[in-house]
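Q: Predicted model and sequence follow; I will ask about them next.
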Amino acid sequence: MIIPFSPPYIDQAVIDEVMDTLSSNWITSGPKVKRLEEEVVKLTDSQAAVCVNSWSSGALIAMKWFGIKEGDEVIIPAYTYCATALAVLNCGAKPVLVDIADDFTIDTEKIREAITSKTKAIISVDIAGWPCNYSAIRQILTESAVRNLFRPLTENQEKLGRILLIADAAHSIGSKIDGKPAAKQADLTIFSFHAVKNITTAEGGCICLNLDLPFDNDAEYRYLKIYALNGQNKDAYSKYLGSSWKYDIIYQGVKANMPDICAALGLAQIRQYTHLLLPARKRIANKYHEGFKPHKWYIKPPLLDSSRESSYHLYPLRIKDITEEQRDQIVDKLCAIGISVNVHFIPLPMLSLFKQLGFDIAGFPNSYKQYACEISLPIYPQLTDEQVSYLIGSVIEVVEENFVSKDYIEVGVTL
């Protein structure tokens with residue numbers, strides 16, 4: 001049985017929305033992007049949402065908006081995809097890496113230890129759909145001692161009066177905290193709509209704004225829309241509708257706008273998200289848990305607790321007391337029988353670029369510990385019960401026949 005890792009969800013509604021865009025003769029940024037932004041606001045209860053062409057562009061724009069530059073520091077977890085750190089580096093700032101907690105998310109006490117007078121932002125990273133402990137992070141950022149360290153150098157930094165909290169929510173659209181959208185927990189929350197994400201626009205992202213007074217989120221939305229279109233004060237669609245052809249360049253912006261042809265995919269998916277796509281992911285995650293629960297080697301991933309709920313983007317299976325090399329062999333054996341799995345993520349200090357910047361994985365022991373035993377299992381709405389059962393059985397067979405201590409195998413336990 002062949003099971004791909006993460007094919008995009010393309011149904012007739014998606015095809016119809018894309019065909020409608022093509023037949024409209026308008027494929028770059030226009031009405032479909034605006035409608036997608038409105039749907040994101042509705043889903044997340046955010047104050048405003050700006051669609052862009054990638055998570056990376058969104059993060060770069062967000063930090064530029066706040067005035068982050070050379071000499072500044074941005075705290076991020078060591079356990080994340082490289083884009084989190086590259087956005088910081090591409091602003092000219094220094095990424096300050098800290099270790100993670102056992103639930104894969106940034107260790108809040110490590111944040112406290114890493115804050116200096118140069119710290120301008122924290123990028124917390126939701127992993128596999130699981131949101132960070134935002135209440136603990138916000139509490140740290142509002143402490144008098146931490147606020148007194150903050151050195152504002154721009155108008156927006158003066159307005160905020162503290163370190164900016166950005167949520168790297170590439171994995172977590174639809175996650176909840178206390179029954180409410182997790183996206184509201186940060187000042188700026190940035191989603192990815194890459195092809196493998198819960199909602200996709202093929203390539204794309206979105207910045208959600210939830211800035212407190214004295215910020216005007218609508219005004220900041222208008223600024224970011226212009227900034228993401230080369231700082232141009234009039235877009236092509238306005239001219240298409242009959243507006244004057246004249247325009248001006250009012251900011252030193254970037255080219256990061258999302259086109260309508262991409263927005264159409266996401267628009268069709270987001271309309272089905274809460275009643276169809278997200279419940280399907282949750283159902284599969286629960287099936288995995290029930291299948292692996294009897295086995296002593298199984299470490300349950302964070303999915304649901306008294307306050308937080310995942311968006312079930314990935315199923316990060318962990319196996320007790322295996323080595324990194326054994327994990328890699330399990331991945332190879334599963335791929336050899338047609339089951340595509342993955343690993344999320346190689347910690348940044350293990351990658352060549354970050355080694356060259358002076359980072360050493362020895363300084364981030366929990367990041368390595370979680371990485372070394374983690375295997376990301378497929379989780380998407382198209383997976384059938386038969387495929388899920390086959391996958392569970394195959395994982396159990398490969399693990400127990402080859403890699404775990406006999407102490408972890410229950411005699412007589414079957415799926």
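A: In hand now; what should we look at?

Q: switch to C-alpha atoms for all contacts and neighbour counts from now on
A: OK.

Q: Need the pLDDT of residue 237.
A: The score at residue 237 is 71. That number is its pLDDT.

Q: per-residue confidence at residue 265?
A: For residue 265, the predicted pLDDT is 98.

Q: Which helix or strand contains it?
A: Mapping residue 265 onto the secondary structure by DSSP states H and E places it in helix 260-270.

Q: That helix: which residues count as buried?
A: Neighbour-count burial for helix 260-270 flags 260, 261, 262, 263, 264, 265, 266, 267, 268, 269, 270 (criterion: 16 or more other CA atoms under 10 Å).

Q: Equivalent analysis for stretch 106-123, please.
A: For stretch 106-123, the neighbour count (16+ other CA under 10 Å) marks 106-108, 110-111, 114-116, 118-123 as buried.

Q: Likewise for stretch 124-139?
A: Within stretch 124-139, judged by 16+ other CA under 10 Å, the buried ones are 124-134, 137-138.

Q: Check the protein for its longest helix and report it.
A: Using DSSP state H to define each element, the chain has its longest helix at helix 385-402.

Q: got any ranges where this protein has weak pLDDT?
A: By pLDDT under 70, the low-scoring segments of the chain are 239-242, 404-406, 408, 410-415.

Q: switch the cut-off to 50
A: 411-415 (pLDDT under 50).

Q: Determine the set of other helices and strands touching the top strand by length along it.
A: Looking across the chain with DSSP state E, the single longest strand is strand 119-125. Strand 119-125 sits against strand 73-77, strand 164-168, with contacts defined as 3 or more CA pairs under 8 Å, 6 or more residues apart in numbering; DSSP states H and E.

Q: Test of understanding: give the bridge partners of residue 377.
A: Note on residue 377: beta-bridge partners by DSSP bridges are residue 315.

Q: Can you show me the strands along the stretch 51-200 of the chain?
A: With strands called from DSSP state E, counting those that start in this stretch, the stretch 51-200 of the chain shows them at 73-77, 94-98, 119-125, 164-168, 176-177, 180-181, 188-192.

Q: To clarify, my last question referred to the stretch 301-415 of the chain.
A: Under DSSP E, counting those that start in this stretch, the stretch 301-415 of the chain gives strands at 308-309, 315-319, 374-377.

Q: and these as JSON lines, adding mean neighbour count?
A: Below are the strands of the stretch 301-415 of the chain laid out as JSON lines (neighbours: other CA atoms under 10 Å):
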{"stretch": "strand 308-309", "mean neighbour count": "22"}
{"stretch": "strand 315-319", "mean neighbour count": "23"}
{"stretch": "strand 374-377", "mean neighbour count": "23"}
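
Q: Would you format these as CSV with distance to residue 274 included?
A: Putting these into CSV (distance: least, CA to CA, whole Å) gives the following:
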stretch, distance to residue 274
strand 308-309, 14
strand 315-319, 19
strand 374-377, 22
